[in-house]
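> Need a 3D model of the sequence below.
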Amino acid sequence: MSHISDYRRSLERSRLSRASGDRPGTFALRGREWDLLPDVFAPSHSRSTDVAMKLLGFDDDLEVPRAGSFLEIGSGTGVIAVSAALAGCERVVGSDISPQAVRNTALNAERHAVSDRLRAVQGDLFEGLTPGERFSTVYWHSNFVLAPADYTYRHVHERAYVDPGYAAHLRYLREAPLWTEPGGSALLHFSDRGDVPGLWSMADSCGRELRVLRSRRIKEGAETVEHMLFEITVAEAVVPMPLPKPVPRRTVPLRGQGHL
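Below you'll find the model as predicted:
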C-alpha cells in the first residue's frame, strides 16, 4: 500500500482534526462564512471541499445560475448543499449519517437564508430520503480511502475519511442512478488516494459505467493528489445479435446425373 493511500494515515488525520486545539467555530470558504460544529469534518483542515467547489462549478469564477434539484450525500457542514441552493437549485437535500453533521448543515442553511429550499436529513447514504424522491443531481464527495473490510469505526468522524472494503461505494454505485430523475446525473467525487482501478472494476461488476467529467491536481504538503468528478450511468444491456436464418438449400442434379 502506498503512503498516500494508507488508511492508517487517513485515520490519523481524522484523529488530529478532532483533537486540534485550533479547530474554529466558523471558517471562511469561497468568500462566505460557515459554522463548524464539533466532530464534523472540518473543511478548514483539508483542501478537498474547496476542490469540490471547483469541480462542481461553485467557485467564484465559474458559478452560474442553476435549476432543478440537488441531493448531497455526506453533507457534513453543508457547504456544497448550501452552495447548490445559492446557485439556483429550487430543492436541495443534504443527507449525512452523523446527527451532528445534519445539525451543521441545517445551521449553515439558516446562516445563508436557504432553509426554505434546503432540507437536512439523517441516514446512511439514501436511507433518510422519502421513497419516490428523485433529483436532477445526486452527488457524493466520498470517503475514498480504502480500509480493510473488517475495520470497525471507532468514531463517526472516521466515516468521512475511510470506507472499509468499499461497501459504501458499492452501494452508491448501485443506488445513486436510481435516485435521479429522467435526464439527471449521479456524480461521485473520488481521488487517487483511493483505489481507482478497484472503483472501475466494481462499477463494471454491478452494471455501471464511469465517465470522468473533470479533474484537478492539487498539492497536499509534499504530495500531489488528483481529484476526479465521475458521472455514473447504468450500462446499456448488451442485446445478443440474432443468428442469421439459414438459407434453404436447393438440390440441383449434377450435369450428367439423373435417374438410371
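> What is the neighbour count of residue 195?
The number of residues packed near residue 195 is 19, by other Cβ atoms under 10 Å. Using the backbone N, CA and C atoms, a C-beta is placed for each residue, glycine as well.
> ok, now how distant is it from residue 153?
Separation of residue 195 from residue 153 (Cβ to Cβ, to the nearest Å): 19 Å.
> next one: residue 19
For residue 19, the distance to residue 153 - Cβ to Cβ - is 17 Å.
> again with residue 236
Counting by Cβ to Cβ, the gap from residue 236 to residue 153 is 37 Å.
> now do residue 194
17 Å.
> what about the strands in the stretch 51-200 of the chain?
69-73, 91-96, 118-122, 135-141, 145-147, 162-164, 180-191 (DSSP state E, counting those that start in this stretch).
> pLDDT averaged over the third one - what is it?
Averaged over strand 118-122, pLDDT sits at 97.
> likewise the last one?
pLDDT averaged over strand 180-191 equals 95, rounded to a whole number.
> tilt between that strand and strand 135-141?
For strand 180-191 and strand 135-141, the angle between their directions (axes from the mean of the first three to the mean of the last three Cα atoms, to 10 degrees) works out to 20 degrees.
> that older thread, format the strands of the stretch 51-200 of the chain as CSV; extra columns: distance to residue 129.
Listed next are the strands of the stretch 51-200 of the chain as CSV, based on distance: least, Cβ to Cβ, whole Å:
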stretch, distance to residue 129
strand 69-73, 8
strand 91-96, 7
strand 118-122, 7
strand 135-141, 9
strand 145-147, 26
strand 162-164, 20
strand 180-191, 12
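> Report the residue spans of the protein with pLDDT below the cut-off.
Across the chain, the ranges flagged by pLDDT under 70 are 1-4, 59-65, 237-260.
> before we move on, the earlier item: which residue of residue 194 and residue 153 possesses the greater neighbour count?
The neighbour count for residue 194 versus residue 153, taken as other Cβ under 10 Å, is higher for residue 194 (22 against 14).
> Just give the nearest non-adjacent residue to that one, would you?
residue 144 (3.3 Å; Cβ to Cβ, 6 or more residues apart in numbering).
> Please look at the one you found and residue 163 and confirm they touch.
Yes: with contacts counted by Cβ atoms under 8 Å, residue 144 reaches residue 163, the gap being 7.2 Å.
> which neighbours do those two share?
In terms of Cβ atoms under 8 Å, 6 or more residues apart in numbering, residue 144 and residue 163 are both contacted by the residues residue 169.
> Same drill for the two, tell me which one is more crowded.
residue 144 (26 against 22).
> got the contact list for residue 77?
Contact analysis of residue 77 by Cβ under 8 Å, 6+ apart lists 34-37, 40-43, 49, 101, 104-105, 108.
> Same check on residue 34?
Residue 34 sits next to 26, 27, 28, 43, 77, 78, 79, 108, 111 when contact means Cβ under 8 Å, 6+ apart.
> Show me the beta-bridge partners of it.
In this entry, residue 34 is beta-bridged to residue 27, by DSSP bridges.
> In this structure residue 93 contacts residue 122, no?
No: Residue 93 sits out of contact with residue 122 when judged by Cβ under 8 Å, with a separation of 11.5 Å.
> neighbour count winner among these two?
residue 93 (25 against 16).
> contacting residues for residue 167?
Counted by Cβ under 8 Å, 6+ apart, residue 167 has contacts residue 149.
> separation between it and residue 222?
32 Å.
> again, but for residue 214
Per Cβ to Cβ, residue 214 is found 25 Å from residue 222.
> Which one of those two is surrounded by more residues?
Using other Cβ under 10 Å, the more surrounded residue of residue 214 and residue 222 is residue 214, with 14 against 5.
> Across the sheet, point out what pairs with the more buried one.
Beta-bridge partners recorded for residue 214 (DSSP bridges): residue 229.
> Now do the same contact list for it.
Residues counted as contacts of residue 214 (Cβ under 8 Å, 6+ apart) are 55, 228, 229.
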